[in-house]
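Participant: sequence and predicted model, in that order:
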Amino acid sequence: MSHLILVRHSQPEMIQGIPASQWHLSQEGVRRAGLLGAQLNAYDFHQIISSTEPKAFETAQIIASNLGITTEIIPGLHEHVRQDVSFSNQQEFVAAIEQFFTHPGKIVMGKETADQAYDRFSQAVSDVLKSYPSQDLAIVSHGTVISLFVSRRCGIPPFEFWQRLGLPGWVALSLPEMRSVPVLFSVS
């Protein structure tokens, strides 16, 4: 049986005034990404697929280096489009994310609804799976789009899943059905 492994990027260095889509990994994020490679060693990856965002690509590179494989950047795997959105504190951010999941057809923050983000991400995942049939596949991406994808494929609440998905964290889905209840892992 093959698996799709969806990996949430490792801990970024959050810099006020710079959009989250441009953040890089923090030192702690680099350390955690290194630990993730050991957890993923049980799978037979030929390469790691990544979002275009630096924190995801850096996570993918660290994992790939630990596994002795290469990385590839694929468009469409990026986070929910919200470059111009800033929050004064974590509580405000979490409340906005909850509303994002609760009202998937409305623009809650940023420039994409949850439905639009899901459609884009789902199409990108589908395209990647067509390019790499019948093998374990790892995609390094972002919390909200992974949560949307997993929740809709597996019938679980997206906000609760998002809250449990670590930095980094990952979930394994069996292929080709992607409908089984996922196993969730986090790195600390």
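Facilitator: Good, I have the coordinates. Numbering: from 1, shown residues only.
Participant: contacts for the helix or strand containing F121 next, please.
Facilitator: Counting by DSSP states H and E, the element that carries F121 is helix 114-131. For helix 114-131, the surrounding residues in contact (CB atoms under 8 Å, 6 or more residues apart in numbering) are 4, 49, 74-77, 80-81, 100-101, 103-105, 108, 112, 137, 139, 141, 144-145, 148-149, 152, 158, 175-176. (Each C-beta comes from the backbone N, C-alpha and C, glycine too.)
Participant: after it, next one along is what?
Facilitator: Proceeding N to C from helix 114-131, the next assigned helix or strand is strand 137-141, under DSSP H and E.
Participant: all strands of the chain, in order?
Facilitator: Assigned by DSSP state E, the strands in the chain fall at 2-8, 47-50, 70-73, 137-141, 169-175, 183-186.
Participant: on contacts alone, who are the packing partners of the fourth one?
Facilitator: This points to strand 137-141. strand 2-8, strand 47-50, helix 54-67, helix 114-131 (3 or more CB pairs under 8 Å, 6 or more residues apart in numbering; DSSP states H and E).
Participant: what does the shortest one contact?
Facilitator: It stands for strand 47-50. 56-57, 59-61, 63-64, 67, 69-74, 77, 128, 137-141.
Participant: thank you kindly, that will do.
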